[in-house]
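Visitor: just need the structure, nothing else, for what follows:
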Amino acid sequence: MIKKPTTISRRDFGKQAAAATLITSTAGMTASAYDRIIGSNDRIRLGGIGPGDRGAGRLAAARKLGAEIVALADVNKGMLDRALKMIGQPVEKTYVDYKDLLALKDLDGVIIATPDHLHHQTLIDSVRAGKDVYIEKPLTRTIEEGADIVAQVKKSKQIVQVGNQRRSGEHFKKAREIVASGGIGEIRFVRIWDFRYRPVDPYIKRSKDQSLFREDLIDWPRFLGKAPKRPFDAKRASGWRWYWDYAGGLMTDIGPHWLDVAMWITGCEGPISVACNGGKYQNMDWETPDNVHAILDCGTFAIVFMVQFMNGQEYDGGAFYGIDGSIVQENQRGLMVRYDNKRREVESWKITDEGTPHMQNFLDCMRSRQQPNSPVELANRVLVGAHLANESFRSDRRVHWDPVNWKRK
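Guide: Residues are numbered from 1 along each chain as shown. Model prediction:
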């Protein structure tokens, strides 16, 4: 029996939205952070920590938006050289140890895109050094890391944007407004999915690339960090997403994006239970499943998240089903579409860019000290569903959660 629904009232929903835009006070900021508050005419100086594929892309985006990329740090010299080519400019300094980069006094912020198991310590070290941070999702590798990150970021007063970029998509903002106003009635079911054609995993495949993943190019102990000690393994160095020591597979790599959308649009605080199933059917080198599906019970409605990297027929999307209608992302039309309860189209609007506005929001917030679209508190709350799904998969049982008191039942 469900004693307390996990959705919030529309009044509280509005309060949460307003709270997300509150300006962070400069009182209590570290001296270095206060000194480096950026004027409207000053160019933001950024460093990149772990600038591999995604990290180099985010650095290139920041550069196009006017930021100056001045330093990079990566334990893999091969990936470091590759990142420089992707960014399209030389930088002042490069490092193996990211702490050397953080010691730079004239650095305003960093973009962190390390493997997931290094996120926790790297982020904490960065805010303690007085740097603002854009950190790629998932925010954490475990639920337990999240509370510490939230506390440390709050204490530091730094601006931290988590790379859940769908928060910056105008098309999802409109969907959220419609749902909050009762436009499709009370939500009873949300379906979210991400399907891709990748019969041969590119990360494992490229581990054979001797220009990127030779043992002499990689500081293996720094890569491992606090993870279990193992002999050098090029597959793990490249395909770390699919090994439990370093990440949570598809569920935490892809899940944060769509679970974020689902929780944001519905105003959900979190699931009360999660059940997950799946397996390895194509990529046998992985430890984590390559076809995995989670059901999140949110008290008054359910979320079903499906993800696999074998067949991309439907690519990715989300659908929100209320008692008076539906909102469905239709990628083949490039539209979000609202239907009434007789399946008649009521209205539609274009799917817009998310990544560029998300980075712009981070840079704007570095100047204004306003909270960004995806602060750590929200990203941490969203991610719990993905972590619980992995717990369910690995234990072969349903996992129960208390989203109010933030603990397992």
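Visitor: and for the strand ranked longest in the chain, what's in contact with it?
Guide: In the chain, with assignment by DSSP state E, the single longest strand is strand 187-195. For strand 187-195, contacts defined as C-beta atoms under 8 Å, 6 or more residues apart in numbering pick out 7, 179, 250, 254, 257-259, 261-262, 265-266, 300-323. Where C-beta positions appear, they are placed from N, C-alpha and C, glycine not excepted.
Visitor: separate out the buried members of those residues.
Guide: Among the contacts of strand 187-195, the ones that count as buried by 16 or more other C-beta atoms under 10 Å are 7, 179, 250, 254, 257-259, 261-262, 265-266, 301-303, 305-309, 316-322.
Visitor: run a quick neighbour tally on D100.
Guide: Using other C-beta atoms under 10 Å, D100 has 13 neighbouring residues.
Visitor: same thing with K174?
Guide: K174 has 17 neighbours, counted by other C-beta under 10 Å.
Visitor: these two touch, right, it and I351?
Guide: No. Counting by C-beta atoms under 8 Å, I351 is not a contact partner of K174; they are 10.6 Å apart.
Visitor: phi and psi next, for the spatially most central residue of the chain.
Guide: Nearest to the geometric centre of the chain sits K137, at 2.5 Å (C-alpha atoms, centre = their mean). Note on K137: its backbone torsions stand at phi -80, psi 160 [degrees, to the nearest 10].
Visitor: next one: the one 3 residues further on
Guide: With angles defined as degrees, to the nearest 10, T140 shows backbone torsions of phi -130, psi 160.
Visitor: repeat for F362
Guide: Backbone torsions of F362, given as degrees, to the nearest 10, read phi -60, psi -50.
Visitor: next: L123.
Guide: Torsion angles, degrees, to the nearest 10, at L123: phi -70, psi -50.
Visitor: can you report how many residues lie near it?
Guide: Neighbour tally, L123, other C-beta under 10 Å: 28.
Visitor: and it, what pLDDT?
Guide: Model confidence at L123, given as pLDDT, is 98.
Visitor: spit out the contact partners of it.
Guide: Residues near L123 by C-beta under 8 Å, 6+ apart: 112, 133, 135, 139, 149, 152-153, 160.
Visitor: show me which pair in the residues you listed is furthest apart.
Guide: I112 and Q152 (13.9 Å; C-beta to C-beta).
Visitor: L250 and P115, how far apart?
Guide: Distance of L250 to P115, given as C-beta to C-beta, to the nearest Å: 15 Å.
Visitor: with V150 instead?
Guide: Going from V150 to P115 by C-beta to C-beta gives 21 Å.
Visitor: same question for N380.
Guide: Separation of N380 from P115 (C-beta to C-beta): 19 Å.
Visitor: between these two, who's got more neighbours?
Guide: Set N380 next to P115 and count neighbours by other C-beta under 10 Å: P115 wins out with 24 against 21.
Visitor: my read: that one touches I49, true?
Guide: No. In this structure P115 lies outside contact range of I49 using C-beta under 8 Å: 11.2 Å.
Visitor: hang on, L296 in a helix?
Guide: No. Read with DSSP: H, G, I helix; E, B strand; the rest coil, L296 is strand and lies in no helix.
Visitor: quickly list what it is bridged to.
Guide: When bridges are called by DSSP bridges, L296 pairs up with V274, I303.
Visitor: which other helices and strands contact whichever helix in the chain runs longest?
Guide: Scanning the chain for the longest helix, with DSSP state H as the assignment, gives helix 376-395. Under the contact criterion of 3 or more C-beta pairs under 8 Å, 6 or more residues apart in numbering; DSSP states H and E, helix 376-395 touches helix 143-156, strand 160-162, helix 249-253, helix 255-266, strand 273-279, strand 291-297, strand 302-308, strand 399-402.
Visitor: got the buried residues for the longest one?
Guide: So the one you mean is helix 143-156. 143, 145-146, 149-150, 152-154, 156.
Visitor: domain assignment for this protein?
Guide: Domain assignment for the chain by automatic domain parsing gives 22-164+357-374, 168-353+385-408.
Visitor: out of those domains, which one sits most buried?
Guide: Highest mean neighbour count among those (mean count of other C-beta atoms under 10 Å): domain 22-164+357-374, with a mean of 20.
Visitor: mind checking how far it is from the chain centre?
Guide: Put simply, domain 22-164+357-374 sits 14 Å off its chain's centre (C-alpha atoms, centre = their mean, to the nearest Å).
Visitor: and F320, what are its bridge partners?
Guide: V190, I327.
Visitor: compute the distance between it and V346, please.
Guide: For F320 relative to V346 (C-beta to C-beta), the value is 13 Å.
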